[in-house]
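Chemist: How does the following fold in three dimensions:
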Amino acid sequence: MSEPAVVELAGVSTVFGAQTIHRDLSLRVETGQIVGLLGGSGSGKTTLLREMLGLLRPTAGCVRLFGVDLNDGDAFLQRSIRRRLGMLFQQGALFSALSVFDNIAFPLRELRCLDEDWICRLVHLKLAMVELEPEHGKLMPAELSGGMVKRVALARALALEPELLLLDEPTAGLDPDRSQNFVDLVGALQKALGLTVIMVTHDLNTLAGLASHVAVLADGQIIAFGPKDEVMTVDHPFVTGFFGADRRKLL
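Modeler: Residues are numbered from 1 along each chain as shown. So this is what the prediction gives:
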């Protein structure tokens, strides 16, 4: 029997009042894939990430992570599934009143099964994974550069050793050099840890540097999904407009 998909969306519809965001949408992401989720402004990309996180329930259809329906009422099962994923929010979403160390330690302390010595070791390990030093743990979020905020947020997302990593515009706000460094870091961690990654991005360089597959969200549905070189040949106005003359960047 084959392994269940890491993420499976089946017949997902999302309606807010009179506005339909998703309509009978389906997507299946397998282990180890790095999926770039593309779509125009207001197409529902971040809403889809929130549904994958279990923060929002679709109006119809189901969202499964590792074969488990997020609508399943078993609270223990839901907690165990959510520990298998990590989320990097667009602006980092660090707790401004907590130090770097305490931001990364936060999900570890929420487990309530680790003593402070182990938490300290794990926080320093996560800092090293994102190429930061132990002394950076003493800093407050307001003292960090944009690139460091991304790295700390990534370390926190990896704190519980997830199998699935969700990224919302991971290089937004970074200059080209820091953006490329961050792409290289995420790519190296994905290979080392065997992560499955789903990322929302508008940046072609990020897409070219990371994504193995591309999913295009338009007209309320996933209109195309597959390897980059296949998707960018799809005859759809959004696909043509997005890639345009820069298709060579993805080859």
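Chemist: residues in contact with the residue nearest the centre of the chain?
Modeler: By Cα atoms, centre = their mean, the chain has its centre lying nearest to Leu166, at 1.3 Å. Shown in contact with Leu166 (Cβ atoms under 8 Å, 6 or more residues apart in numbering): 49, 52-53, 85-88, 197-199. For every residue, glycine as well, the C-beta is placed using N, CA and C.
Chemist: Apply 10 Å and report the result again.
Modeler: By Cβ atoms under 10 Å, 6 or more residues apart in numbering, the contact list for Leu166 reads 7, 37, 48-50, 52-53, 85-89, 157, 196-200.
Chemist: How about Leu85?
Modeler: Under the criterion of Cβ under 10 Å, 6+ apart, the contact list for Leu85 reads 6-7, 52-54, 65-66, 157, 160, 162-166, 195-196, 198.
Chemist: run the last query once more with 7 Å
Modeler: When contacts are counted by Cβ atoms under 7 Å, 6 or more residues apart in numbering, Leu85 touches 65, 162, 164, 166.
Chemist: which residues does it bridge with?
Modeler: Leu164 (DSSP bridges).
Chemist: Quick check: it vs Gly17, distance?
Modeler: Distance, Leu85 to Gly17, by Cβ to Cβ, to the nearest Å: 29 Å.
Chemist: again, but for Lys150
Modeler: 34 Å.
Chemist: More neighbours: which of the two?
Modeler: For Lys150 versus Gly17, neighbours defined as other Cβ atoms under 10 Å are more numerous around Lys150 (28 against 5).
Chemist: So that one is in contact with Gln91, correct?
Modeler: No. Using Cβ atoms under 7 Å, Lys150 is not in contact with Gln91; the gap is 9.4 Å.
Chemist: in the stretch 101-250 of the chain, which spans are helices?
Modeler: 116-129, 146-157, 176-193, 204-210, 228-231, 237-243 (DSSP state H, counting those that start in this stretch).
Chemist: Can you say which of these is nearest to Phe95?
Modeler: Closest to Phe95 of the helices of the stretch 101-250 of the chain is helix 146-157 (Cβ to Cβ; 9.4 Å).
Chemist: Counting by contacts, list what the closest one packs against.
Modeler: strand 85-88, helix 100-110, helix 116-129, helix 176-193 (3 or more Cβ pairs under 7 Å, 6 or more residues apart in numbering; DSSP states H and E).
Chemist: contacts for that helix?
Modeler: For helix 146-157, the external contacting residues (Cβ under 7 Å, 6+ apart) are 86-89, 92-94, 100, 103-104, 106-107, 126-127, 129-132, 141, 144, 165, 170, 173-174, 178, 182.
Chemist: From these, list the buried ones, please.
Modeler: Buried by 16 or more other Cβ atoms under 10 Å: 86-89, 92-94, 100, 103-104, 106-107, 126-127, 129-130, 132, 141, 144, 165, 170, 174, 178, 182, out of those.
Chemist: surely Val12 meets Leu25?
Modeler: Yes. Counting by Cβ under 7 Å, Val12 touches Leu25, with 4.4 Å between them.
Chemist: For the two, work out which one has more neighbours and name it.
Modeler: More crowded of Val12 and Leu25, by other Cβ under 10 Å: Val12, with 25 against 22.
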